[in-house]
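Engineer: Dropping the sequence and predicted coords here.
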Amino acid sequence: MHTNSNKENKLFKIDDALKEITRGVAEIIDLERIETLLKNYLNTGKNFYIKAGFDPTAPDLHLGHTVVLEKMALLQKYGAIVQFLIGDFTGTIGDPSGRSSTRVKLDDKQVFENAQTYKEQVFKILDPLKTEVVFNSKWLNKLGASGMVELASTFNVARMLERDDFDKRYKSQTPISISEFLYPLLQGYDSVVLKSDIELGGTDQKFNLLMGRTLQRTYNTGKEQAIIMMPLLEGLDGVNKMSKSLNNYIGVTEDANSMFAKVLSISDDLMWKYYELLSTKTVDEIEDLKSKVKSNELHPKSAKEHLAMEIVQKYHDFDKAIKAKEEFDKIHKKRDIPTQIETFEFKAPIWIAKALVNAKLEPSTSQARRDIKQGAVKIDQQKISDEQLSLEKGEYILQVGKRKFAKIKAI
RNA sequence: GGUGAGAUACUCAAGCGGCCAACGAGGGCAGACUGUAAAUCUGCUGGUUUUUACCUUCGGAGGUUCGAAUCCUCCUCUCACCA
């Protein structure tokens, strides 16, 4: 099936490979196994399987999610076949890690559509030729009551309660539903069925990941998967983990310009973590950059621009990355206005505060007034201070702060 | 089931009859400085062109009062201790 026609891939040194594989990871369990897998691949060309599970709900991936994907993509270079597992069955239970509310079961059509969306986003990172997309409902539906009982009998409550969040909830007398106990078991069972050699996940998944290892042994699969845990990526604020709800994320489907701008807005310290977890540059190349910045040979901003370019290029293309950089320089270095601005039409005369609200630059006229008082509002690059100002017929470029623009036509 | 505590703006958290659109902190937005970085300093942070005014807000519904986030009644929900 997956023959390795690409011979040059095999020309790597185990030590170099391990150096890249271990970079940035939070924890690795059974590194020896990984080494063995690599050696095997080098000698015989035999592929190995790495698994990572994903939620079946509407995928809107951000860079935080891609940390795991990047590591998988790297492993693909060293002979890994990715088992991209969509947890359409387990998704109905709800991972206790998040303590989310009861989930609604998605119908097959939605799952299929979501899987398609995943593919679009994921294959910007992963090599589609070395990836198998699988759904766990395929075997979990078949498991049946007897299989379920058998699976459940392999584990006991005391062990289950070792899990940190279960433990906390139990001690604080917060209810834990029995079905939540099943989640880790089922996730582990996936590893049994898929015969995974390595499973990847976030640090919060440790218990579930270990379960796969345990069950593989229990079911005598002759394998015990190694585990690679990736740290959670901090969002733009540099403090909280990247998440949609905190609005500190960079989405993989975002347009090139905002992607570029967002990367550049992270702090210098955080930049290195982003490099480590998201860049395809090698460890040595990153170290080289770091030392150059340290010795003032390279401006930190340039280093950040390289990173931003790389990321934009990955999700768009080289031309767009170049354009994004030019656009950025245009707006911020030269304090110029962006190339593309949304246009609104209003009847003249219109009160400035009202115009700002209508152009969606401000949430309310009160807020608009405040910003005008503070000198945050510009018309055609000129700061204004008169909050009573009324716009007569004509075209104006309105600006609030540094990055909000709108063109308005008063007619 | 019993007893007690609580529910305040994005979050935490003061206020306990009028000086409350509501202290403070965090967050957010903006200004200065910069590399649109970080750090720092400053201002703002319910709404409304009646802007030293008016309107709506302090879990929900009523009530007392000239006047309530603050007092009373009922309801809903959270939490703690006991069973």
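Structural biologist: The structure has been received and is ready for your questions.
Engineer: Around RNA strand B, pick out the residues from chain A.
Structural biologist: Within chain A, the positions near RNA strand B by C-beta under 7 Å from any atom of the strand are A:172-173, A:237-238, A:261, A:264-268, A:299-301, A:304, A:328, A:331-333, A:351, A:353-354, A:357, A:363-367, A:369-371, A:374-376, A:388, A:390, A:400-404. (Glycine included, C-beta is placed from N, CA and C.)
Engineer: need the contact list for the residue lying closest to residue A:30 once chain neighbours are set aside.
Structural biologist: Closest residue to residue A:30 in three dimensions, ignoring its sequence neighbours and counting by C-beta to C-beta, 6 or more residues apart in numbering: residue A:226, at 4.0 Å. Contact analysis of residue A:226 by C-beta atoms under 8 Å, 6 or more residues apart in numbering lists A:28-31, A:33-34, A:37, A:197-199.
Engineer: what do you get if the cut-off is 6 Å, keeping everything else the same?
Structural biologist: By C-beta atoms under 6 Å, 6 or more residues apart in numbering, residue A:226 lies in contact with A:30, A:33-34, A:198.
Engineer: Generate a ChimeraX selection restricted to the buried entries among these.
Structural biologist: Restricted to buried positions by 16 or more other C-beta atoms under 10 Å, the ChimeraX selection for the contacts of residue A:226 reads:
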select /A:30,33,34,198
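Engineer: Tell me the gap between stretch A:238-255 and the middle of its chain.
Structural biologist: Centroid separation between stretch A:238-255 and its chain, computed with C-alpha atoms, centre = their mean, to the nearest Å, is 8 Å.
Engineer: State the pLDDT value of the residue nearest to the spatial centre of chain A.
Structural biologist: Among the residues of chain A, the one closest to the centroid is residue A:65, at 2.3 Å (C-alpha atoms, centre = their mean). Reading off the confidence values, residue A:65 has pLDDT 90.
Engineer: Make sure it is indeed in a helix.
Structural biologist: Yes. With DSSP: H, G, I helix; E, B strand; the rest coil as the criterion, residue A:65 is assigned to a helix.
Engineer: any idea how far residue A:319 is from it?
Structural biologist: 26 Å (C-beta to C-beta, to the nearest Å).
Engineer: What is the neighbour count of the residue of the stretch 101-250 of chain A found nearest RNA strand B?
Structural biologist: Going by C-beta to the nearest atom of the strand, RNA strand B is nearest to residue A:237 of the stretch 101-250 of chain A, at 4.7 Å. By other C-beta atoms under 10 Å, 15 other residues sit near residue A:237.
Engineer: Give me the distance between it and residue A:300.
Structural biologist: Using C-beta to C-beta, residue A:237 is found at 19 Å from residue A:300.
Engineer: same check, this time on residue A:310
Structural biologist: According to C-beta to C-beta, residue A:310 stands 16 Å off from residue A:300.
Engineer: Residue A:238 now?
Structural biologist: Going from residue A:238 to residue A:300 by C-beta to C-beta gives 15 Å.
Engineer: Sort out which residues of the helix or strand containing residue A:159 are buried, please.
Structural biologist: Assigned by DSSP states H and E, residue A:159 belongs to helix A:157-160. Neighbour-count burial for helix A:157-160 flags residue A:160 (criterion: 16+ other C-beta under 10 Å).
Engineer: How about residues contacting it?
Structural biologist: residue A:181.
Engineer: Mind exporting the C-alpha coordinates of it to CSV?
Structural biologist: The C-alpha coordinates for helix A:157-160 follow below in CSV (Å, rounded to 0.1, in the frame of the first residue of the first chain):
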residue,chain,number,x,y,z
VAL,A,157,-12.7,2.4,39.1
ALA,A,158,-9.7,3.1,41.3
ARG,A,159,-7.4,3.3,38.3
MET,A,160,-10.0,5.5,36.5
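Engineer: For residue A:400, which non-adjacent residue is spatially closest?
Structural biologist: In space, and not counting its chain neighbours, residue A:400 is closest to residue A:361: 4.6 Å by C-beta to C-beta, 6+ apart.
Engineer: Can you get me a residue count around the one you found?
Structural biologist: 22.
Engineer: need the contact list for residue A:344.
Structural biologist: A:359, A:408.
Engineer: What residues sit buried inside the helix or strand containing it?
Structural biologist: For residue A:344, the element it lies in under DSSP H and E is strand A:343-346. By neighbour count on 16+ other C-beta under 10 Å, the buried set for strand A:343-346 is residue A:344.
Engineer: Against which helices or strands is the strand or helix carrying residue A:49 packed?
Structural biologist: Using DSSP H and E, the element containing residue A:49 is strand A:48-54. Contacts defined by 3 or more C-beta pairs under 6 Å, 6 or more residues apart in numbering; DSSP states H and E place strand A:48-54 against strand A:80-86, strand A:198-202.
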